[in-house]
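Sequence first, predicted coordinates after that:
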Amino acid sequence: MSEIKWDEKFRDFLKRYYWDEILLLANEYPELRSIVVDFPDLEQFDADLAYELLEHPDDVIPYAEQALREIDIPIEKDLDEAHVQFINVPNRVAIRELRSKHLLKFISIEGMIRKATEVRPKITNAAFMCMRCENTSFEPQGGPKFVEPTDCENESCGKKGPFKLLIDQSTFLDAQKLQVQEAPESLKGGSQPQSLDVDAEDDLAGLVKPGDRLVINGVLRSHQRTLREGKSTFYDLVLHANSIEYVDQEFDELDISPEEEERIVEMGNNPEIYKMIRGSIAPSIYGYEDIKEALSLQLFSAVPKMLPDGSRVRGDIHILLVGDPGIAKSQLLRYMVKISPRGVFASGKSASSSGLTAAAVKDDLGDGRWTLEAGALVMADMGLAAVDEMDKMSKEDKSALHEAMEQQTISVAKAGILATLKSRCALLGAANPKYGRFDKYEGLAEQINMPPALISRFDLIFILLDVPDRVKDSNIAHHILRSQYAGELNEQRQRVPHSTITKEEVDSHMTVIMPIIENNLLRKYVAYARRRIFPIMEDDARDHIINYYLDLRKQGEGKDSPVPVTARQLEALVRLAEASARIRLSNVVTIDDAKRTTRISMACMRQVGVDPDTGAFDVDVIASGTSKSQRDKIHHIKDIIKRVGDRHAGGKAPLEEIYTEAETEEISRERAEELISKMKKQGDLLAPDSKHIKFV
Ligand code: ADP
Ligand code: MG
């Protein structure tokens, strides 16, 4: 097919298929600068032309734009800079599969925006004045490097300049650089996401924000890398965007076949479904039935609600695991990322500049311009963010998390960049206590280095203590060794030639660590529930939750600290109950769901909110970290130390005397030792020798 006819063909095509759009463009130009062509239309009109567009876009697109300018329109207007954008392009390539054969082809990629620079003008046609003869000439600026004239165009001059750039006569275009990253759901087996740089120009600049899920169509180009020693033989890839399409937010990558749907509905009717789901979460980790039940609820989540006043109540359930090292917290997080829709794993101490939330940075993508970069909580939008080592988060992240957890947005205001990014994700956090081990006499907030206001945004908090317990330890040990044994059998069967181990043998040992519902089906089950089930609460369920809540509030009555059980906890209970109904694929939240919820909540409260001395429930513990009776005890022991110290020279109080005195006042020796060692650690007390202490 000859090139000459391409503009004629496009003229025919545009007139026939896009006449209304052309009129609209002519009316609105230059505010509106593009018409958008659906690729299948072009294919239907002329399959060869469509093919040429995919293969040689740099030759073909200019003809389409020329055709647009040449069409006779009833309005007097020059469409000089109007563009033709093509959408629904079939050449979809995964970012990690881009190869040199894709260079200069029209392709389509899908992903999430990770970074976006500021929008800045870019010079496209530079006007120069010769300083000797004052002749003006133009240099088109197509490439990445600025081109200056070599000699004066004016034949009677012809000198090598000098030339002066005339800004007012040059042409500029808005330009922005983007970085697109593979979306979490398209990653297999926890591999690192790969990314691609994108140039967005003119009306495409400034359209998108970090965290947006998009399809970008355009021409793949390469830029030669420059090293300090000169040019490299390696080229970097850049997609020159022609059009940007938004992926439907509700879009879900999981296709559920009719047979699978039948199985899912059947599973929903199985009275054992809660156990089955719990048994499908990290089966290689022994125990933690409560936590696994809570994690099941988090997987299904509640329904986000728009209230008539325009506010939004989140449906995502946030869970925090606090505890001693080496008790499988990180393992649980990784497993949840694997089975969650759009799971993203991040660490609080991550080195990335965007941190967990978002940041404005200056880096090479923007050539020194400010760039807005999305962190894990933005990339996990509509999914799960598992954040390990939350105790090591930066100050910035901590303050941004308040907004991220409740409003599910992240605002950035820095260096002229103002943006609000979406982070509608559930947060599963893990934190290690500051001194390695959890100290139940010390406040939670202080130990994990997080402000109480942030802690109270978690719907559930679990504290895991690594207390030696012969029966439990032996069970865990057997479980771990059994799973290792299954692994050993499997490896030997596969690696050692003529191994006598049979597949049946391996399988029978593997059953201990096999999820009850296989991961793929579980993911579909969850997707089905989240898509289809929107439960409503029954009256008796509501009464049960209200009563439980009022009881909790009552325990906080008359305390001097602010009551930590707030309406926020009430919302948490509603969320958990809705998720519980969704697990059974039920559109009704029943009294059973409410009871499950209060049982789990109580289990958490008991760990978090119980006074370690009296064993009584004390809501103060959550707010201030120390229970009232504990604070009283510290005061009490301080009094005793002071009294004893006063009786001795230099305030040196003999420990034995303190213990005896404490015991007569009903503080056990053990408890007194504990309190004293704590005060020593905090630097309130000094020990001049092993038998005495004194105040600092
Ligand atoms: P943490 O993050 O809590 O410090 P990890 O997740 O790194 O701990 O776990 C340490 C190791 O101990 C892991 O290999 C994990 O599988 C094992 N482990 C700890 N507790 C259990 C358990 N209850 N069942 C099975 N394995 C366990
Ligand atoms: Mg860990």
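Yep, that arrived. Ligands and ions are numbered 1, 2, ... in the order given.

Please go through this protein and pick out the longest helix.
What stands out as the longest helix in the chain, according to DSSP state H, is helix 470-495.

So what touches stretch 509-519?
With contact meaning Cβ atoms under 8 Å, 6 or more residues apart in numbering, stretch 509-519 is reached by 267, 275-277, 279-281, 283-284, 338-339, 479, 482-483, 485-486, 489-490, 522, 525. C-beta coordinates here come from the backbone N, C-alpha and C atoms, glycine included.

Q447 contacts P433, correct?
Yes - using Cβ atoms under 8 Å, Q447 makes contact with P433 at a distance of 4.4 Å.

measure the closest residue to G368 other than its chain neighbours to ligand 1 for me?
Sequence neighbours aside, K362 is the residue nearest to G368 in space, at 5.9 Å (criterion: Cβ to Cβ, 6 or more residues apart in numbering). For K362, the distance to ligand 1 equals 34 Å [Cβ to the nearest ligand atom, to the nearest Å].

helices and strands of this protein: which one has the lowest mean pLDDT?
helix 620-624 (a mean of 52; mean pLDDT, DSSP states H and E).

sorry, back to before: any residues in contact with both of Q447 and P433?
Contact criterion Cβ under 8 Å, 6+ apart; residues shared by Q447 and P433: V322, D439.

Just list what the helix or strand that comes right after the least confident helix or strand of the chain packs against, helices and strands only.
Heading C-terminal from helix 620-624, the first helix or strand you meet, by DSSP states H and E, is helix 628-646. Under the contact criterion of 3 or more Cβ pairs under 8 Å, 6 or more residues apart in numbering; DSSP states H and E, helix 628-646 touches strand 653-654, helix 655-664, helix 669-681, strand 692-695.

Please name the strands paired to the longest strand along the chain in the sheet, noting orientation.
Longest strand in the chain, counting residues (DSSP state E): strand 163-181. Using DSSP bridges, the strands paired with strand 163-181 are strand 106-117 (antiparallel), strand 120-130 (antiparallel), strand 195-201 (antiparallel).

Show me the one of the ones you listed that comes nearest ligand 1.
strand 106-117 (27.0 Å; Cβ to the nearest ligand atom).

in that closest one, what counts as buried?
F106, I107, S108, I109, E110, G111, M112, I113, R114, K115, A116, T117 (16 or more other Cβ atoms under 10 Å).

Need those residues in TSV (columns: distance to ligand 1).
Converted to TSV, these look like this (distance: Cβ to the nearest ligand atom, whole Å):
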residue	distance to ligand 1
F106	46
I107	41
S108	40
I109	35
E110	33
G111	30
M112	28
I113	31
R114	27
K115	30
A116	34
T117	37
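
ok, of those, which one's closest to M393?
Distance to M393, by Cβ to Cβ, is smallest for R114 among those, at 20.0 Å.

Am I right that the closest one is in contact with S195?
Yes - counting by Cβ under 8 Å, R114 touches S195, with 5.9 Å between them.

Which residues are in contact with each of these two?
Here R114 and S195 have Q179, V180, Q181 as joint contacts, going by Cβ under 8 Å, 6+ apart.

avg pLDDT for the host helix or strand of V506?
Applying DSSP H and E as the criterion places V506 in helix 503-510. The average of the pLDDT scores along helix 503-510 is 82.

got it, and stretch 640-650?
87.

go on, stretch 657-677?
So the average pLDDT for stretch 657-677 ends up being 84.

Check stretch 87-100 too.
The pLDDT scores in stretch 87-100 average 89.

Name the residues of it that are buried.
Neighbour-count burial for stretch 87-100, counted by 16+ other Cβ under 10 Å, picks out I87, N88, V89, V93, I95, L98.

do the same with stretch 335-343
Result for stretch 335-343 [16+ other Cβ under 10 Å]: buried residues Y335, M336, V337, I339, S340, P341, R342, G343.

For those, work out which two are farthest apart.
Spanning the widest gap among those are Y335 and R342, at 15.4 Å by Cβ to Cβ.

And the strands in the stretch 401-550 of the chain, which stretches?
With DSSP state E, counting those that start in this stretch, the ranges of strands along the stretch 401-550 of the chain come out as 409-414, 417-422, 426-431, 460-464, 536-537.

Using PDB, write out every CA atom in the fourth one.
Spelled out, that is strand 460-464. Output in PDB follows, covering the C-alpha atoms of strand 460-464 (Å, rounded to 0.1, in the frame of the first residue of the first chain):
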ATOM      1  CA  LEU A 460      -7.900  -5.300  66.100                       C
ATOM      2  CA  ILE A 461      -4.600  -5.500  67.900                       C
ATOM      3  CA  PHE A 462      -3.000  -8.800  68.800                       C
ATOM      4  CA  ILE A 463      -0.100  -9.100  71.200                       C
ATOM      5  CA  LEU A 464       1.900 -12.300  70.800                       C
END
